[in-house]
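[1] sequence plus the predicted model coming up.
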Amino acid sequence: MATHKLVIAGFGGQGVMLMGQMIAYAGMLEGKEVTWMPSYGPEMRGGTANCSVIVSDKKISSPIIVEATAVAAMNLPSLIKFEKILKPGGQLFMNTSLIKELPTRNDLEIYQIEANEIAVALRNDKVSNMVILGAIINKTGIVKQESIEKVMEKLFSGNKAKLLPLNKQALTAWEA
Amino acid sequence: MSEKVLMKGNEAFAEAAIRSGCRYYFGYPITPQNEIPEYMSRELPKVGGSFVQAESELAAISMAYGGAVAGGRVFVSSSSPGIALMQEGFSFLCSTEIPLVILNVSRGGPGVGGIQPGQADYYQATRGGGNGDYHLIVFAPSSIQEAVDMMEMAFRVAEEYRNPVMILADGLIGQMMEPVVLPNPIPDAVREGILKAKPWALTGTKEGRPHNVVKSLYLKPEELENRIMEMDLKYQKAKEQLVRYETNRLEEAEVVLVAYGSTARIAEEAMELLAEEGIQAGLIRPISLWPFPYEAFDKIPEKVKAVISVELSRGQMMDDVKIGSKGRFPVGLSSRVGGILITPPEIAADVKKVLGVER
Amino acid sequence: MKPVFEYTRGMLPEETTYCPGCTHGIAHRLIMEALDEKGLLGETIGVAPIGCSILAHHYMNIDMCESTHGRAPAIATGIRRVHPDKIVFTYQGDGDLASIGTGEIVHAAHRGERITSFFINNAIYGMTGGQMAPTSLLGQKTTTSMDGRMQELSGKPLRMAELIATIDGAVFVERVSLDSPGNVRKAKKAIRKAIEVQEKKLGFGFVEILSSCATNWGVTPVKALEWMRENMIPYYPLGNLKSPEEVK
């Protein structure tokens, strides 16, 4: 597919912005056109946060996503808000550790990920976002796994280097 | 050239200002441009520059005047309500002919308004909120790359014209990230020459030359009139030399969209949607908002049925679109306000409404 | 033969536009003499205010700029960043510094800017024609307090030197008066010290200079000086409020 339009949404503090930035960064490393656009506002931690990422083979005019090819919902308010912007047959990634409800639409490709439980099994519940990120790249093909790993290597360097193996592990921890 | 990096607009603007030789920044926190004072506070001291967090935007623009009157290459940034507070300084800087680059990462108004992107500062930027016969020179980038590329030009224009230049961005390109190639830093020798090229700057006389005076007060009407006419000559020259715009698919167009800044990107996508339905839309993208590219409108073919101003404000730029259209075409408006970004389908729908096309 | 009086090189050979009996001329001269004596005229940048002394640059033979109303300390802050080693001062009246510019003066002091602010307090708006200032005295008749300043309406006069002295960044604060030859000499001393504070990079300096405005007070120049002694000095006590060890 030429253009991926992905919305990632959740609570502030869940790493939603970082996930989007990592995909944009990886896309750039692959020589693709990318844009990343955050929601911003007075809600810092615990409020709602989302970002829009577009990765494309051609020039991106508008960074706004009107019709998404994929949505990752990290909590229930995000699911309610963003399931409707998915195109028919679009891919929906749900963190079912936090979302017990189902989407109202039945024309979507749904991936249910118990991200928190998977993260806890890796002995670090902070990497639940990387579990979802892994699922996204695995199922959408928006960027390659090795590109994300390259981004991780830049991100987790110096005194953060010890976090690298765990994060890489989280990336492939979910199996459909 | 440097390599491509993924950067948030605001940080890229700040870095581009530093690479353009700016060593002095004065600012006050306001959303959505806070990454700029944060970046400057961190990075300017590393290159021997100065950052001051001012007590208000009034103080920030006054400090900027102080830095610039002393010969420095100075940059300020703010967002709409903060820019409103700086208007006193803009008028004063124009009257004293002091160069400065101002970045406005604009948001919705009026009043406190909201913090989401807006373009309702069009009047404030192009008509001025300060007193008197003056103009800011205003450029509106539509991507981070374009903003970064125009930064050094903005400083040069400000210094050549001895007039403040505003870069009118908005919350969208301030907050978004896209890959950008940063300009190379200007050579030290060039940067060091900046002060020497300003014989009017206040540097202390060393008792070796008559004292320099930078003034704005002219009590004799004849003197003030002369002063204003001198400034006007400069503004007429700017109208001849600083007009910048882009056109897209104007020749085959049956309808022409006019949009600046990030809205122009959205309009481009609307053009594709319209093309899918067999409607040929062209685009005029003003890059200089003052001087406005009226001449671009002379290139619109006679067969065009309507010209539509697409803006995140209630027809502010439409005034200029009407002046440029000279009554040759009906002029319509497509807009969302309050911090809501207009979408390509909304623009397409507005176009069809103006054209009277059945949905 | 040693000359007993010379025209200071710090002042340009211009006739001032100040009214007869106005003490701006004296204040200008004291500052310029002090700079000249230290050999700093060529190393100084001044900022003139909005008010009668907006034209200070007509008379002071140094690099100077005008400022927006009340913003001189912010402007001086910007100048200071570009020229860390010059002498930078603001010259401001009471409308400029104690009314519209309170934010700028307080925060320049608060940041400990290495500048000097010379504050001309003549208890009235001069240039605009005699309106009440924050420093006008209780009962003082002005064009906006025709029956005299009333506390209930306008509060009591603002003592800027005392206010500035509470701020840690202000290291030198003194109030002087130009009502008599003796006090003029003391004023000169304070101005010299304030400049020394800047030379030694010690912090923010503030000299409040009680001045006369015979025209807008509606009295003769001589009566104006008496009025200062009888009314202003009792409310605005003279003396040093703060001084660093290095310049004592």
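    Done, it's in. From a predicted model like this one, the values you see are computed outputs, not experimental measurements.
[2] tell me the first helix or strand C-terminal of the strand or helix carrying B:Glu246.
    Per DSSP states H and E, B:Glu246 falls inside strand B:245-248. The element immediately downstream of strand B:245-248 (helix or strand, assigned by DSSP H and E) is strand B:255-258.
[3] send me that following strand as PDB with only the CA atoms.
    What follows is strand B:255-258 as a C-alpha-only set of coordinates in PDB (Å, rounded to 0.1, in the frame of the first residue of the first chain):
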ATOM      1  CA  VAL B 255     -12.000  26.800  -9.800                       C
ATOM      2  CA  VAL B 256      -9.100  28.200  -7.900                       C
ATOM      3  CA  LEU B 257      -8.400  27.700  -4.200                       C
ATOM      4  CA  VAL B 258      -6.200  30.200  -2.300                       C
END
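[4] in the following helix or strand past it, what counts as buried?
    Following strand B:255-258 in sequence order, the next helix or strand is helix B:262-276 (DSSP H and E). Applying a neighbour-count criterion of 16 or more other CB atoms under 10 Å in any protein chain shown, the buried positions in helix B:262-276 are B:262-271, B:273-274. Quick note: C-beta positions are derived from backbone N, CA and C, even for glycine.
[5] just the CA atoms of helix B:262-276, as CSV, please.
    Only the C-alpha atoms of helix B:262-276 are listed here, as CSV (Å, rounded to 0.1, in the frame of the first residue of the first chain):
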residue,chain,number,x,y,z
SER,B,262,-0.6,24.4,6.6
THR,B,263,-4.1,25.0,5.1
ALA,B,264,-2.5,25.0,1.7
ARG,B,265,-1.4,21.4,2.3
ILE,B,266,-4.9,20.4,3.2
ALA,B,267,-6.2,22.3,0.1
GLU,B,268,-3.9,20.2,-2.1
GLU,B,269,-5.5,17.1,-0.9
ALA,B,270,-8.9,18.6,-1.5
MET,B,271,-7.8,19.2,-5.1
GLU,B,272,-7.1,15.5,-5.6
LEU,B,273,-10.5,14.6,-4.2
LEU,B,274,-12.1,17.1,-6.6
ALA,B,275,-10.1,15.7,-9.5
GLU,B,276,-11.5,12.3,-8.8
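[6] wondering if the helix or strand just after it reaches chain A at all.
    Secondary structure here is assigned by DSSP H and E; on that basis, the next helix or strand after helix B:262-276 toward the C-terminus is strand B:281-286. No. Against chain A, strand B:281-286 shows no contacts by CB under 8 Å from any CB of the partner chain, the least distance being 10.3 Å.
[7] follow-up on the earlier one: the strand holding B:Glu246: partners in the sheet, and parallel or antiparallel?
    Note on strand B:245-248: by DSSP bridges, its sheet partners are strand B:281-286 (antiparallel).
[8] can you tell me what sits against the strand holding B:Glu246?
    B:268, B:271, B:282-288, B:293, B:296, B:299 (CB atoms under 8 Å, 6 or more residues apart in numbering or on different chains).
[9] and these, which are buried?
    Using 16+ other CB under 10 Å as the burial test, the contacts of strand B:245-248 include B:268, B:271, B:282-288, B:293, B:296 as buried.
[10] and chain B, which of its residues are near chain C?
    Contact residues, chain B versus chain C (CB under 8 Å from any CB): B:24, B:26, B:50, B:52, B:54-56, B:58-60, B:62-72, B:74, B:88-89, B:92, B:96, B:202-208, B:211-217.
[11] of those, select the buried ones using a ChimeraX command.
    Listed next is the ChimeraX selection for buried residues among the residues of chain B next to chain C, using 16+ other CB under 10 Å:
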select /B:24,26,50,52,54,55,56,58,59,60,62,63,64,65,66,67,68,69,70,71,72,74,88,89,92,96,202,203,204,205,211,212,213,214,215,216
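[12] in strands only, show me the residues of chain B next to chain C.
    Among those, the subset assigned to strands under DSSP state E consists of B:24, B:26, B:50, B:52, B:74, B:213-214.
[13] quick one: low-confidence parts of chain A?
    Residues of chain A that meet the criterion pLDDT under 70 lie in A:1, A:42-46.
[14] quick one, strands of the chain?
    Let's take chain A. With DSSP E as the criterion, chain A has strands spanning A:3-11, A:33-38, A:48-56, A:68-73, A:86-95, A:109-113.
[15] the intended chain is chain C.
    Taking DSSP E as the criterion, chain C carries its strands at C:44-47, C:63-65, C:87-93, C:116-121, C:170-177, C:204-210, C:239-242.
[16] and which of the buried residues of helix B:262-276 is nearest B:Ser325?
    Compare each of the buried residues of helix B:262-276 with B:Ser325 using CB to CB and the shortest gap goes to B:Ala267, at 16.9 Å.
[17] correct me if wrong: the closest one contacts B:Leu257.
    Yes. Taking contacts as CB atoms under 8 Å, B:Ala267 lies within contact range of B:Leu257: 4.7 Å.
[18] can you tell me the centre-most residue of chain C?
    C:Phe119 (2.5 Å; CA atoms, centre = their mean).
[19] so what's that residue up against?
    Residues in contact with C:Phe119 (CB under 8 Å, 6+ apart) are C:92-94, C:97-98, C:160-161, C:206-209.
[20] now do it against C:Pro134, distance only.
    C:Phe119 sits 12 Å away from C:Pro134, going by CB to CB, to the nearest Å.
[21] do the same with B:Pro164
    Counting by CB to CB, the separation of B:Pro164 from C:Pro134 is 32 Å.
[22] could you do A:Phe82 as well?
    Here the criterion is CB to CB. By it, A:Phe82 lies 56 Å from C:Pro134.
[23] quick one on the thing from earlier: what is in contact with C:Phe119 and C:Pro134 at once?
    Counting by CB under 8 Å, 6+ apart, the residues touching both C:Phe119 and C:Pro134 are C:94, C:98.
[24] any idea which helix or strand in chain B has the lowest mean pLDDT?
    Sorting the helices and strands of chain B by mean pLDDT, DSSP states H and E puts helix B:188-196 at the bottom, at a mean of 89.
[25] for that helix, output the C-alpha coordinates as CSV.
    Output of helix B:188-196 as CSV, limited to C-alpha atoms (Å, rounded to 0.1, in the frame of the first residue of the first chain):
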residue,chain,number,x,y,z
ASP,B,188,31.5,32.6,11.8
ALA,B,189,33.0,35.3,9.6
VAL,B,190,29.6,36.1,8.1
ARG,B,191,28.0,36.1,11.6
GLU,B,192,30.7,38.3,13.0
GLY,B,193,30.2,40.7,10.1
ILE,B,194,26.5,41.2,11.0
LEU,B,195,27.3,43.8,13.7
LYS,B,196,29.8,45.6,11.6
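[26] what does it contact?
    Helix B:188-196 is contacted from outside by B:21, B:23, B:71-73, B:159, B:201, B:203, using CB under 8 Å, 6+ apart.
[27] how about stretch C:138-152?
    Stretch C:138-152 is touched from outside by C:123-125, C:129-133, C:136-137, C:153-154, C:156-157, C:216, C:218, C:231, with contacts defined as CB under 8 Å, 6+ apart.
[28] can you redo the strands of chain A as CSV with mean neighbour count and distance to chain B?
    Putting the strands of chain A into CSV (neighbours: other CB atoms under 10 Å in any protein chain shown; distance: least, CB to the nearest CB, whole Å) gives the following:
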stretch, mean neighbour count, distance to chain B
strand A:3-11, 23, 11
strand A:33-38, 23, 4
strand A:48-56, 24, 9
strand A:68-73, 26, 13
strand A:86-95, 19, 13
strand A:109-113, 18, 23
